[in-house]
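# using only what follows, build the 3D model:
(chains A and B)
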Amino acid sequence: QVRLVQSGAEVKKPGASVKVSCKASGYTFTDYYIHWVRQAPGEGLEWMGWMNPNSGDTNYAQKFQGRVTMTRDTSISTAYMELSRLTSDDTAVYYCARDSKTNVFDIWGQGTMVTVSS
Amino acid sequence: DIQMTQSPSTLSASVGDRVTITCRASQSISSWLAWYQQKPEKAPELLIYKASTLESGVPSRFSGSEAGTEFTLTISSLQPDDFGTYYCQQYYNYPRTFGQGTKVEFK
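Numbers count the residues shown, from 1 in each chain, chains lettered A, B, ... in the order given. Model (predicted):
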């Protein structure tokens, strides 16, 4: 079946970077954009940006410009989201989500908890 | 950025109740509105897109409607599996933005 499987939880120190992976299966990886959405503890959902797995093109939310990089490895149907210069405010669950042909998020990864703590 | 405002923030209801959640956009988004359900410790799941189109596999007790910039999610008869937090999201433009969520609790 169609799935997105993310990498495991991470603990990072302030100032470090984190790279989260999102492996797609059950569909053609390059046919659908991948978005990243995060959710701080007890908070709502925040969109971070998208990547076109076919071309590698990206579009980031202004808030994360300069700190986030979304990439992919088509040979293993995997998308990556790297966030640098981490602070405690970046402590959150990070989700990847597939952009359906109707431009909504129809398939989500299980989430990756990133904790930033000294 | 388009602001999405949901109400109420929390809702307490009983099994069988009709439940309504409202989402208001700060500007016109046409019908480019989706609803998601999130259970604790789980990823969100798509319920409705284009304001009123039910995603495949979603029970028919869920429905969506729109009136200008105000959108409504209705659960016709609340079931035990319907607890969780509901989010609206606009996909009229970027950045994609979500409402702050409505938590549905059982009385």
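# what residue of chain A is the furthest out?
Taking CA atoms, centre = their mean, the residue of chain A most remote from its mean C-alpha position is residue A:118, at 23.3 Å.
# for residue B:7, give me phi and psi.
In terms of degrees, to the nearest 10, the main-chain angles of residue B:7 are phi -150, psi 150.
# report the beta-bridge partners for it.
residue B:22 (DSSP bridges).
# surely it touches residue B:102?
Yes: taking contacts as CB atoms under 8 Å, residue B:7 lies within contact range of residue B:102: 7.4 Å. (C-beta placed from N, C-alpha, C; glycine too.)
# got any residues that touch both of the two?
Counting by CB atoms under 8 Å, 6 or more residues apart in numbering or on different chains, the contacts common to residue B:7 and residue B:102 are residue B:21.
# got the contact list for the residue farthest from the centre of chain A?
Here residue A:118 is in contact with A:13-14 (CB under 8 Å, 6+ apart).
# look up how far chain B lies from it.
Between residue A:118 and chain B the computed distance is 26 Å (CB to the nearest CB, to the nearest Å).
# pretty sure that residue sits in a strand.
No: remark: residue A:118 does not belong to a strand; assigned using DSSP: H, G, I helix; E, B strand; the rest coil, it is coil.
# surely residue B:18 meets residue B:72?
No: counting by CB under 8 Å, residue B:72 is not a contact partner of residue B:18; they are 11.6 Å apart.
# kindly state the beta-bridge partners for residue B:67.
The residues that residue B:67 bridges to, once DSSP bridges is applied, are residue B:70.
# separation between it and residue B:22?
For residue B:67, the distance to residue B:22 (CB to CB, to the nearest Å) stands at 10 Å.
# same question for residue A:56.
39 Å.
# show me what counts as buried in stretch B:21-28.
B:21, B:23, B:25 (16 or more other CB atoms under 10 Å in any protein chain shown).
# what's the closest of those residues to chain A?
Comparing the buried residues of stretch B:21-28 against chain A with CB to the nearest CB places residue B:23 closest, at 12.4 Å.
# and the pLDDT at the residue lying closest to residue A:101 once chain neighbours are set aside?
Nearest non-adjacent residue to residue A:101, counting by CB to CB, 6 or more residues apart in numbering or on different chains: residue A:32, 7.8 Å away. Predicted confidence (pLDDT) at residue A:32: the value is 98.
# which one of residue B:18 and residue B:72 has more residues nearby?
Under the neighbour definition other CB atoms under 10 Å in any protein chain shown, residue B:18 and residue B:72 were set side by side, and residue B:72 has more, 17 against 11.
# so that one touches residue B:64, yeah?
Yes: A contact is recorded between residue B:72 and residue B:64 when judged using CB under 8 Å, the distance being 6.7 Å.
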